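Peer 1: Please work out how this folds:
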Amino acid sequence: MNFFLNSSFNAKNSGIEHAQLKRAKLFEKFGEDYRLVFREWNPLLHFHLNNNGISDKYILSIFDYFQKATNVQNKTIRPKDINFGVANLRYEDEKDQNRVIVYNKNQIVARINLFDKEVTNDTIVKSVELFDGFANLYRVDFYDYRGFLSMAQWYTPDNKIATETWYTPEGRPAIEDYFRLNAQGKMEKSGFKTIDENGTVRTHNNIVGLIQEFLEKVNVEFMDKDHPNIYVMDRSDYFEEILETLSSPTYTVLHLHNSHAGDAQEPDTSIMNNNYEYSLTDANRYDAIVSATEKQTRDVKRRFNPSVDMFTIPVGVIKNEDLKGQRVPMKDRKKHSIVVTARVAPEKQINKIIDAMGMAKKEVPDINMDVYGYVDHSNDDIAMKRINASLDEYDLKDAVHLHSYTNDVAGVQKNAQLYALASVMEGFNLALMEAQAQGDVGVTFDTNYGPNELIVDNENGYVVDYDDTKALSERMVKLFTDDELLQKMSDQAYELSNRFSEDSVWHDWQQLIESAKKTWQDKLKTYHFDITNGLSDMEHNEEA
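Peer 2: Down below sits the predicted model:
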């Protein structure tokens, strides 16, 4: 079985989650089974994944697993479906708060919070806050959107969480955690326990123990003599420490979705990216390392000299039918237009694209740009402050339009002429790959990793020296003042996108899978399954 490990999946996700979706569909197309594994509890997990075309069969949440809720028949729970054991209830809608208050005469019984209608498009119970006869909150019940009580938080008299209990859809407790005062007098989680259907209780000091129990069980459950259990760590938190200690064999893969170096322009000497520091320090304890570009593969080999196999596998995949789709000529697109589909975050340096536009405006007065993506408000909103400063400096407020996150990425890209990048670092940049597949011509700084490989300089766009905003501006002018050149590079953008066809990327994954199979038999030779025969009373009586 192929397991792709992550933390969670939500309405708005990063490039890692989008890469997982593309890989999942690729594996389905070629008949290779897989599971998307998530370590965080998320009552909307199945909703969001289903909406992205992933069926429940392929979803494996740690909490779902212990709750016996991996495959649940959906039902809708509305406010009046909740049984409070009290008659003569009065319901008052608080639409501005997206909740319903429940009273018995003038005594509050509960507050029923609803899932956001923009998410579920229905009136569905999200959680229920329960109050005692003195109007004290004593419990909050959280519902999975599929229609069952998933978790309850029990409160202390001083209004602090004491215990959390996760339930099966039938109402049996499956997981519990506890909160206790630490040495500083603050409440924190002090342990977990799991309770199986036979009543067996297993205790753990922390979430690591819970994840380890899950991985131990799942690894044996999916053990196959002919096909290795391959674990691809897309997000390696916790997993990186646990997988190497499992008692049963695995084939573990560290997947680099971003630069391994803190300064991507100094890959050999800068401090490591803190997301990968632990994993790369222990890289030889895994079976393979995957990066998305040949350049990063070479750089990782040169810097760390790992003794494990390294594979270059693009995280982006373009459907074969999309590669054969109708091409949109440059003359039929919005004139002199640039598009960016990305988080509005400091590391994306969208302000520098605006600076380049401002310089180009003298020769291309109608230059314009549309930006689609949610805003990162970190560091006192520095990304937006820089963008607004550039808009003011070059008087581009009417030429640059900031939009929220869009699901119609292909639609906005095929209407633009250029896709621009000025990132500090990238791991691949799915958006650029997708834009090129829609015929957009790329312009970028020489950024590691992805942009300087996706864009082949002078063929499907331009790569300028890192942080050279003036050169970026000159390339914009060159393209927007030469219609023939612009169309020629757009044609090449379409052609070079064949590098990321389903067949091409699947061939790369096949190499990794075949490598895992070659080592699997040796791994199995050192492993002995636990004894199961002769242990139960029933078997003993039958033998007697």
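Peer 1: Can you give me the neighbour number for residue 492?
Peer 2: 18 (other CB atoms under 10 Å). All C-beta atoms are positioned from the backbone trio N, CA, C, and that covers glycine.
Peer 1: And for residue 527?
Peer 2: By other CB under 10 Å, neighbour count at residue 527 equals 11.
Peer 1: can I assume it is in contact with residue 248?
Peer 2: Yes. Here residue 527 lies in contact with residue 248, judged by CB atoms under 8 Å, at a distance of 5.8 Å.
Peer 1: Residues contacting the longest helix anywhere in the chain, please?
Peer 2: If you go by DSSP state H, the chain has its longest helix at helix 502-525. Helix 502-525 is contacted by residues 2, 23, 26-27, 29-30, 32, 225-228, 230, 249-251, 253, 287-288, 290, 309, 311-314, 316-320, 498 when judged by CB atoms under 8 Å, 6 or more residues apart in numbering.
Peer 1: Quickly list the domain ranges of the chain.
Peer 2: Domain segmentation of the chain under automatic domain parsing yields 2-71+210-312, 79-207, 320-499.
Peer 1: I'd like those domains laid out as CSV, including mean pLDDT.
Peer 2: Converted to CSV, these look like this (pLDDT from 0 to 100):
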stretch, mean pLDDT
domain 2-71+210-312, 95
domain 79-207, 93
domain 320-499, 96
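Peer 1: Now those domains in JSON lines, please, with extra columns for distance to residue 506.
Peer 2: As requested, those are arranged in JSON lines below (distance: least, CB to CB, whole Å):
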{"stretch": "domain 2-71+210-312", "distance to residue 506": "5"}
{"stretch": "domain 79-207", "distance to residue 506": "32"}
{"stretch": "domain 320-499", "distance to residue 506": "10"}
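Peer 1: coming back round to it: in helices only, show me the contacts of helix 502-525.
Peer 2: 23, 26, 27, 29, 320.
Peer 1: what sits against the closest residue to the second one other than its chain neighbours?
Peer 2: What it means is residue 26. For residue 26, ignoring the flanking residues on the chain, the nearest one in space by CB to CB, 6 or more residues apart in numbering is residue 317 at 5.2 Å. Neighbour list for residue 317: 22, 23, 25, 26, 500, 501, 502, 505 [criterion: CB under 8 Å, 6+ apart].
Peer 1: Next, find the distance separating residue 317 from residue 430.
Peer 2: 9 Å (CB to CB, to the nearest Å).
Peer 1: Same check on residue 291?
Peer 2: 15 Å.
Peer 1: Look up the pLDDT of the residue nearest to residue 26 for me, please.
Peer 2: The model reports residue 317 with a pLDDT of 96.
Peer 1: just to revisit the earlier point, quick one: which of the contacts of residue 317 is nearest residue 196?
Peer 2: Each of those was checked against residue 196 using CB to CB; the closest is residue 23, at 32.2 Å.
Peer 1: Settle this for me: the closest one is touching residue 316, isn't it.
Peer 2: No. Using CB under 8 Å, residue 23 is not in contact with residue 316; the gap is 9.5 Å.
Peer 1: Helices of the stretch 301-450 of the chain, start to end?
Peer 2: Ranges of helices in the stretch 301-450 of the chain, per DSSP state H, counting those that start in this stretch, are 320-323, 350-360, 378-394, 409-413, 430-437.
Peer 1: Need the three-state assignment for residue 129.
Peer 2: Recorded secondary structure, residue 129: strand (DSSP: H, G, I helix; E, B strand; the rest coil).
Peer 1: Pairing partners for it in the sheet, please.
Peer 2: residue 111, residue 140 (DSSP bridges).
Peer 1: just to revisit the earlier point, which positions within the longest helix of the chain qualify as buried?
Peer 2: 502, 505, 506, 509, 512, 513, 515, 516, 520, 523, 524 (16 or more other CB atoms under 10 Å).
Peer 1: okay, that helix in PDB with CA atoms only?
Peer 2: Only the C-alpha atoms of helix 502-525 are listed here, as PDB (Å, rounded to 0.1, in the frame of the first residue of the first chain):
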ATOM      1  CA  GLU A 502       0.300  11.800 -16.700                       C
ATOM      2  CA  ASP A 503       2.300   9.200 -18.600                       C
ATOM      3  CA  SER A 504       5.600  11.000 -18.000                       C
ATOM      4  CA  VAL A 505       5.100  11.600 -14.200                       C
ATOM      5  CA  TRP A 506       3.700   8.100 -13.700                       C
ATOM      6  CA  HIS A 507       6.900   6.700 -15.300                       C
ATOM      7  CA  ASP A 508       8.900   8.500 -12.600                       C
ATOM      8  CA  TRP A 509       6.700   7.100  -9.800                       C
ATOM      9  CA  GLN A 510       7.000   3.600 -11.300                       C
ATOM     10  CA  GLN A 511      10.800   3.800 -10.800                       C
ATOM     11  CA  LEU A 512      10.400   4.500  -7.100                       C
ATOM     12  CA  ILE A 513       7.800   1.700  -6.600                       C
ATOM     13  CA  GLU A 514      10.000  -0.800  -8.500                       C
ATOM     14  CA  SER A 515      13.000   0.200  -6.300                       C
ATOM     15  CA  ALA A 516      10.800  -0.400  -3.200                       C
ATOM     16  CA  LYS A 517       9.800  -3.800  -4.400                       C
ATOM     17  CA  LYS A 518      13.400  -4.900  -4.900                       C
ATOM     18  CA  THR A 519      14.200  -4.300  -1.300                       C
ATOM     19  CA  TRP A 520      10.900  -5.600   0.100                       C
ATOM     20  CA  GLN A 521      11.700  -9.300   0.200                       C
ATOM     21  CA  ASP A 522      14.900  -8.600   2.200                       C
ATOM     22  CA  LYS A 523      12.900  -6.500   4.700                       C
ATOM     23  CA  LEU A 524      10.300  -9.200   5.200                       C
ATOM     24  CA  LYS A 525      13.000 -11.900   5.900                       C
END
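Peer 1: If anything else comes up later, I'll come back, but that's it for now.
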